[in-house]
Every structure is written in C-alpha cells, then in structure tokens.
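> curious how this folds, go ahead:
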Amino acid sequence: MPALAPGADPWRRFAGTTINFISENTSPTAAIAANLKPFHELTGITVNIVSLELQALVQRVALDLAGGQAQYDVIYADPYQVLAPYREGLTDLRTFISDPDYPKMVDVSDFIPTQLKAAGQFGKGGEIFALPYDAPTMVWQYRVDIFDKYKERMREELGFDPTPGPDRTWAEYLKIAGWINDNVSEVPYGTGQQAKQHDSLMCDFSNLLWAYGGDYFENGTEVGLYGSVAPGKCLLREPAAIEAAAVYNELIAIAHPGSRGWDWDGVGNALSAGQIAMAPNWHEYAASNEKKMPGLIDYAPLPKGPHRSANIYGGTGIAVSANTNGARRGAAWLFVNWATSPETQLANLKSSVGGGTPTRESVYRLPEVEGASRRPSTLPNMLTATAVNTAWEADYIGLRPKIPMWNECDTALFTELSRMLAGQQNPKEAMTRAADRIDHIVERGWVA
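So this is what the prediction gives:
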C-alpha cells in the first residue's frame with residue numbers, strides 16, 4: 001500500500017481504487033447504495049455494491065473465502081452464518097483502528113456494547129472482526145388505537161392491565177389475543193406470528209424459549225455474546241424449553257391462520273394491512289408501518305415469562321476480507337469506517353429509500369434523533385427507540401448461539417417445530433428430537 005505522505009489527507013490515500021461490497025439486501029445498504037457520492041467525493045474510491053438474499057450471500061462469501069480469493073473486499077458478516085464459521089477469513093480490524101496512517105475513527109466504545117460483542121467478535125481474544133452495521137431486533141408491535149379503545153373492557157374482563165410492555169407475561173399475551181379474536185371488529189385476529197418453516201420460526205420461538213428460562217446450550221449468554229466452537233450439550237430437552245414450546249403451540253393455535261406460512265415480511269404486511277392487532281416482529285418495520293398506518297402502531301419490549309423478557313437481536317456487522325490486499329485492503333477499511341460512522345448512520349436514518357437504525361450511542365443523543373422518538377416524527381424508525389434501547393440491555397437482549405454450525409442447528413429446530421405445529425408430534429417430542437439432531441450436528445462440527 002502507498003505510504004501516507006506528510007500532510008496528506010488520509011481519506012484520499014487510495015483515490016482511484018475500486019472495491020466490492022457484498023451485503024444482504026438491508027435498509028442501511030439500500031440507503032448507502034442510493035447515495036455513494038459523499039464517500040466518493042471524500043475518498044476518490046469507487047464502491048460496487050452487490051445486494052443479495054442472505055442465503056445467496058453466505059454461499060458466495062463461503063466460496064470466495066475458501067478459494068483464497070477477494071472478489072469481495074467488504075463483507076456483510078452475519079454473526080451466525082459468516083462470522084462464526086469464516087472468521088479466519090476476516091481481518092482483525094484493530095490493525096486499522098490503531099494505525100495512525102488511517103483516519104481516526106470514532107471510538108469503538110461508542111457502539112452499543114452488546115452489539116459490538118454479538119456482531120463483531122468471536123471468543124474472548126479481543127479481536128474485532130466486524131463493526132456493528134445494522135440492528136434489527138424483535139419487539140412487540142401493536143395497534144395503539146385498538147388498545148386505547150378497548151383497554152378498560154379488557155382490564156375489567158381479563159383482570160389485568162393489558163398495556164403492552166415487559167411487565168405483561170406471555171400468558172397474558174395469549175389472553176389478550178384471544179379476547180381480541182372474540183370481541184374486536186376492527187381486525188380479524190388478535191395476533192400474528194412468523195411461524196413459516198423458515199429461520200423466522202426459530203426467531204419467533206426463541207423469544208419464548210429465553211423468557212421461560214430455556215436456552216440452546218450451556219452458558220447460553222456467553223455462547224450468544226462471544227461465540228464458541230464447543231457450546232456444550234443442547235438444553236432443549238429441559239423442562240423450561242418444553243414449556244416454552246407448549247406455550248408457543250397454544251399461541252399459534254389462536255393466531256391468524258396465515259401465521260404458519262408467514263415469515264417477518266408476512267406478519268409485517270398483515271399488521272399494516274389491518275389483519276391483526278399485534279405481533280412480535282423486527283423493529284425496523286416501523287418505517288413501513290408509519291407509511292401505511294400513520295400514528296396507529298406503537299412499540300414495546302416483548303412480554304416476559306417466568307425468567308425474563310427476551311427480545312431476539314438480529315444485527316450484523318461489516319468486515320474486511322483477509323484475502324484482499326494492497327490499495328483495495330486500505331480502501332475497504334476506509335469504507336467500513338465511513339459506513340459505520342455517526343454521520344453516515346444519521347444520513348441512513350434520514351434516507352427515503354433506506355432506513356435502519358443506528359448502532360452508535362452518540363447518534364441517539366442527537367437532539368433531532370431524540371425528538372424523532374415522539375410523533376410527529378420525520379425518522380419513523382426512531383419511534384421504536386424506547387422499546388429497542390430496553391431490548392438491547394444485557395438483561396433483555398436475546399442472542400442465538402454464535403457457533404460455526406448454527407445454520408444446520410437452526411434448520412433442525414424449525415423443522416421439528418413445524419412438525420409440532422402441524423400436530424405430528426407434541427412439544428416434548430419436538431424439543432427432544434431437535435436436541436438430538438443439534439447434539440449430533442455440534443459433535444460432528446467438533447470433529448471437523
């Protein structure tokens with residue numbers, strides 16, 4: 001790489017270089033792709049962006065890294081399907097952060113702490129493989145007009161305050177949903193779930209699993225936060241997991257029938273189309289909710305179980321391929337630095353084609369961002385700020401296992417859950433079969 005001349009602009013060090021960024025088709029990437037001019041003017045670097053569905057992205061990245069190539073210089077490093085299995089193909093970003101020849105970035109401590117660990121690190125060696133880039137998190141989304149209209153009747157007939165939030169229990173959520181089914185004319189059903197035989201089913205179920213005190217593996221919090229190649233025995237056979245599965249089975253039985261074919265898009269569309277009164281879903285649907293039903297949908301942390309309120313985190317970081325070199329390597333870091341900066345995150349938040357929500361604490365403290373958490377809001381994703389800021393706290397965040405073989409484990413789980421929802425097995429059988437399959441996958445992974 002060219003040395004930085006005395007007095008030279010460190011942002012212009014790799015002017016004329018072209019790099020490739022591969023990303024899932026997410027809101028922040030849509031916003032950046034629509035407005036790359038500021039980065040090009042700052043650096044002279046051209047960025048080609050490839051946006052794909054996540055599974056297609058994982059396949060391309062795996063081939064690129066395994067072949068020792070660097071077709072992609074900047075990688076959207078999903079913690080479970082990219083970072084955990086392919087971390088050796090990613091650069092430890094501390095080498096750039098500490099290099100005085102690069103522009104100084106805002107301190108990494110500005111990233112929300114749980115997100116930096118979950119999306120950026122693996123193990124406790126201190127390496128930073130990715131910087132937090134997006135932060136979708138599941139929260140309770142509900143029709144505020146319906147709750148306002150029927151609140152007192154629900155309170156009187158159900159015997160508790162139905163106001164959504166982490167003080168409500170999942171048992172109460174079921175009762176609220178059933179009551180709306182029977183008493184509310186504005187919507188056909190009280191709740192909708194993302195119970196398709198898909199990754200979405202694992203996400204939807206996980207909120208209850210953790211709420212009821214269950215987990216996937218021993219030391220679940222550590223495995224979710226830092227990652228591990230040896231997570232221990234699967235815990236889905238334990239009573240807490242079986243109870244969570246039983247409650248989830250009850251929930252799907254009273255939910256909108258479309259739930260069994262819905263992923264997050266399906267349930268999001270159902271809520272904003274007036275088919276359901278509430279649902280757990282990723283908070284970044286707030287922008288489309290506000291566009292389709294302005295002022296009618298509000299947000300809260302998910303209900304609690306006997307153990308806690310758990311809100312699954314789905315955020316991802318962006319990384320620099322360890323295979324890329326020369327000017328492209330340096331240019332890739334400048335893009336990662338710029339793309340995760342407070343200024344760019346604020347621009348993404350304002351974008352008419354993108355959105356996303358910031359991963360840096362300093363952005364939330366900006367007066368215009370704080371003000372946007374209340375209606376009328378020009379930044380509709382910020383209407384979820386109170387809910388997600390609670391959901392990202394250590395006691396509330398839900399972290400699936402960050403292990404190299406998680407993709408196979410995920411498939412085993414949602415397959416057995418689907419068989420349970422179809423009436424082919426009971427909750428205990430579903431959890432036992434899933435645990436047996438997951439233990440086999442993990443043991444095979446250790447040997448590999």
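
> what are the boundaries of the strands in the stretch 151-300 of the chain?
Taking DSSP state E, counting those that start in this stretch to define them, one finds strands in the stretch 151-300 of the chain at 189-191, 276-282, 297-300.

> what residues sit buried inside the longest one?
If I follow you right, that is strand 276-282. Neighbour-count burial for strand 276-282, counted by 16 or more other CB atoms under 10 Å, picks out 276-282. From N, CA and C alone the C-beta is placed, and that goes for glycine too.

> return the residues in contact with Ala246.
Neighbour list for Ala246: Pro427 [criterion: CB atoms under 8 Å, 6 or more residues apart in numbering].

> where's it relative to Ala240, distance?
In this structure, Ala246 and Ala240 are separated by 11 Å, where distance is defined by CB to CB, to the nearest Å.

> now, among the buried residues of strand 276-282, which is nearest to Asp101?
The shortest gap between Asp101 and any of the buried residues of strand 276-282 belongs to Trp282, at 38.9 Å (CB to CB).

> show me what contacts that closest one?
Contacts were defined as CB under 8 Å, 6+ apart; by that measure Trp282 touches 136-138, 264, 268, 314.

> next one, pLDDT for it please.
In the prediction, the pLDDT value recorded for Trp282 is 96.

> kindly report the same for Ala287.
In the predicted model, Ala287 carries a pLDDT score of 89.

> ok, and what's touching the lowest-mean-pLDDT helix or strand in the chain?
With mean pLDDT, DSSP states H and E as the measure, the helix or strand of the chain carrying the lowest mean pLDDT is helix 220-225 (a mean of 87). Identification of contacts with helix 220-225 by CB under 8 Å, 6+ apart yields 114, 117-118, 215-217, 228, 231, 235, 398-403.

> what do you get if the cut-off is 10 Å, keeping everything else the same?
Applying CB atoms under 10 Å, 6 or more residues apart in numbering, the set of residues contacting helix 220-225 from outside is 79-80, 113-114, 117-118, 121, 124, 209-210, 214-217, 219, 228, 230-232, 235, 312-313, 394, 397-403, 406.

> which residues of this protein score low on pLDDT?
Residues of the chain that meet the criterion pLDDT under 70 lie in 1-7, 354, 446-448.

> what about the top helix by length along it, distance to the chain center?
Ranked by number of residues, the top helix in the chain under DSSP state H is helix 427-447. Taking the mean C-alpha point of helix 427-447 and that of its whole chain, the gap between them comes to 24 Å (CA atoms, centre = their mean, to the nearest Å).

> repeat that for stretch 101-113.
Distance of stretch 101-113 from its chain centroid, counting by CA atoms, centre = their mean, is 22 Å.

> equivalent analysis for stretch 46-65, please.
18 Å.

> mutual contacts of Ala246 and Ala240, please.
Shared contacts of Ala246 and Ala240, defined by CB under 10 Å, 6+ apart, comprise 212, 431.

> which residues are in contact with the closest residue to Met293 other than its chain neighbours?
Counting by CB to CB, 6 or more residues apart in numbering, Met293 lies nearest to Ser272, which is 5.5 Å off, once chain neighbours are set aside. With contacts defined as CB under 10 Å, 6+ apart, the neighbours of Ser272 are 141, 285, 288-293, 296-297.

> closest to Pro427 out of the residues you listed?
Of all the contacts of Ser272, Gln141 has the smallest distance to Pro427: 26.0 Å, by CB to CB.

> okay, whichever strand or helix holds that closest one in CSV with CA atoms only?
When elements are defined using DSSP states H and E, Gln141 is found to belong to strand 138-143. Once side chains and other backbone atoms are set aside, the C-alpha atoms of strand 138-143 remain, and they are given as CSV (Å, rounded to 0.1, in the frame of the first residue of the first chain):
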residue,chain,number,x,y,z
MET,A,138,-37.9,-8.1,17.7
VAL,A,139,-40.3,-6.1,19.8
TRP,A,140,-44.0,-6.0,20.5
GLN,A,141,-45.8,-4.1,17.7
TYR,A,142,-49.4,-3.3,18.3
ARG,A,143,-52.4,-1.2,17.2
